[in-house]
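1. Need coordinates for the following:
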Amino acid sequence: MQAEILVRRADGSSERKSLTDGVYEVGRESGDIILSDPNVSNGHARLSVASGEVMVTDNQSTNGTFDFSGQRISGPYVISRDRGVRLGNSSIQMAPATAPNRGGTQVMQAFPEPSVDARASAPTVVASAAVPTPTTAGASSAKRPGTVLKVPDATPGLLLVDGRQVNFALEGVWRVAGVPKAGMSVDVELDATGGLLAITASDPSAMVREQGQKVVVLAQSGLSLAIERMGKVPFITASVLLLAWFFIPALSLGPVLSFTFWDLSNVNLWAPFELMQGKASFGLLGLVGLVAVLAPFAQLSKPK
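-> Take a look at the predicted model:
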C-alpha cells in the first residue's frame, strides 16, 4: 500500500510524492527526499512507511524537527493530512486525498490552494520562505499585533500572535529596521488561511491609543460595577469620605500647619506634639480608621 506525502520547500514550491513501504532519508542536499533548505541538515530526518502510515523521526539534527504547533519532536511522530512536521523552513505532511494525479509525483511551483474542507480542518502552517503562500483571489491579508518570544538563531524564532505561537525566520518576512529582540512588539501580516506573510514595525501611537482605550474601558466597567453593587448615593458618599480622609484638612494651626483625618488618626497620644514635627506614627489607630473608610467598597450588598 502506497502513502502519498506533500513536501513544501523553503523556496515556495511543493511536491507530491508516492512512497512504498520502507525507510526514506530526508536531507538538505542528499537523501531520498531533498529539501534544498539551508536550515535543514544532511540526514536531518527519516520517514518510515508501513501500510500507508508515515512516521517521522528526527536524526538528532542541529535545528530540530517540529510539529505544526511549534513543539520539537523527540521521538517517532506519525503525520497525517492535518498534522505534519516542519524541518527548517520546509514541511512534510500527508497529501490531500482529493488532489489530482494520485498515481505519481506532481511538482508545483507554488503552494496549492486548499479546498474549503481542507482549509477548515488543516492547521496553520507557517511559511517563512521568500515566496509567501498565495491566497484566494480577492482575499485580503490581516495584520495582528505580535510579540517576539524568541529570536531566530540555529532554530526558528517564535512570535506570540492572538495567543498562539508562530515560528518565523528572517528571510522574506522580516521587514523591520534592525534585528529582532525578545519582547519586541511587531505587526504580523497573515493571509486568509493564517499563513505568515510579513512582519512589520508596530505603530507606537496606535499601541498607546489601544492601551489607553483598554484602560478607559476597564475603569468604566469597574466604576459601573461598583455603583451597581453599592448604589449611587452610598458610592458617592463613600468616595467623598475617602477623599476627605486623606486630603481635606481637618485641623489647622495657623497658616502653615494643617492636618487631615489620616494625620490625626495616627497621633501618638503619649507625645501629641510629635505630629507638628512630622513624626506621626502610622499605627493601629490609623489602620482601623482606614479600614472603616474602605469598608463600604468591600460590601457584598448595598451598604447602609
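2. quick one: the helices in the protein?
-> Assigned by DSSP state H, the chain shows helices spanning 116-121, 204-230, 232-247, 261-264, 284-294.
3. Single out the most deeply packed of these.
-> Highest mean neighbour count among the helices of the chain (mean count of other C-beta atoms under 10 Å): helix 261-264, with a mean of 18. C-beta: built from backbone N, CA, C; applies to glycine.
4. show me where pLDDT drops low in the protein?
-> Confidence mapping of the chain against pLDDT under 70 gives the ranges 98-141, 204-211, 254-256, 266-286, 297-304.
5. Now do the buried residues in the strand ranked longest in it.
-> Using DSSP state E to define each element, the chain has its longest strand at strand 142-150. Buried positions in strand 142-150, judged by neighbour count with 16 or more other C-beta atoms under 10 Å: 145-146, 148, 150.
6. Quick check: of those, which lies closest to Gly52?
-> Distance to Gly52, by C-beta to C-beta, is smallest for Lys150 among the buried residues of strand 142-150, at 36.2 Å.
7. Excluding chain neighbours, what is closest to the closest one?
-> In space, and not counting its chain neighbours, Lys150 is closest to Leu158: 4.0 Å by C-beta to C-beta, 6 or more residues apart in numbering.
8. how deep is that neighbour tucked in, by neighbour count?
-> By the measure other C-beta atoms under 10 Å, the count of residues near Leu158 is 17.
9. wait, what's in contact with it?
-> 70, 148-150, 165-168 (C-beta atoms under 8 Å, 6 or more residues apart in numbering).
10. Quick check: bridge partners of it?
-> On DSSP bridges, the residues paired with Leu158 through beta bridges are Lys150, Asn167.
11. residues near Gln93, how many?
-> Neighbour tally, Gln93, other C-beta under 10 Å: 23.
12. measure the closest residue to it other than its chain neighbours to Ala226 for me?
-> Of all residues not flanking Gln93 in the chain, Gly84 sits nearest, at 2.7 Å (C-beta to C-beta, 6+ apart). Look at Gly84 and Ala226: by C-beta to C-beta, to the nearest Å, they are 51 Å apart.
13. on that earlier part again, show residues contacting the longest strand of the chain.
-> Residues outside strand 142-150 that contact it (C-beta under 8 Å, 6+ apart) are 157-162, 165-166, 180-190, 192, 199-200, 202, 207.
14. May I have it exported as PDB, CA atoms only?
-> The C-alpha trace of strand 142-150 is given here as PDB (Å, rounded to 0.1, in the frame of the first residue of the first chain):
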ATOM      1  CA  ALA A 142      -4.900  40.700   8.000                       C
ATOM      2  CA  LYS A 143      -2.500  42.400  10.400                       C
ATOM      3  CA  ARG A 144      -2.300  41.300  14.000                       C
ATOM      4  CA  PRO A 145      -0.200  42.700  16.900                       C
ATOM      5  CA  GLY A 146       2.500  40.200  17.900                       C
ATOM      6  CA  THR A 147       5.400  39.900  20.300                       C
ATOM      7  CA  VAL A 148       8.800  38.300  19.600                       C
ATOM      8  CA  LEU A 149       9.300  35.500  22.100                       C
ATOM      9  CA  LYS A 150      12.500  34.000  20.700                       C
END
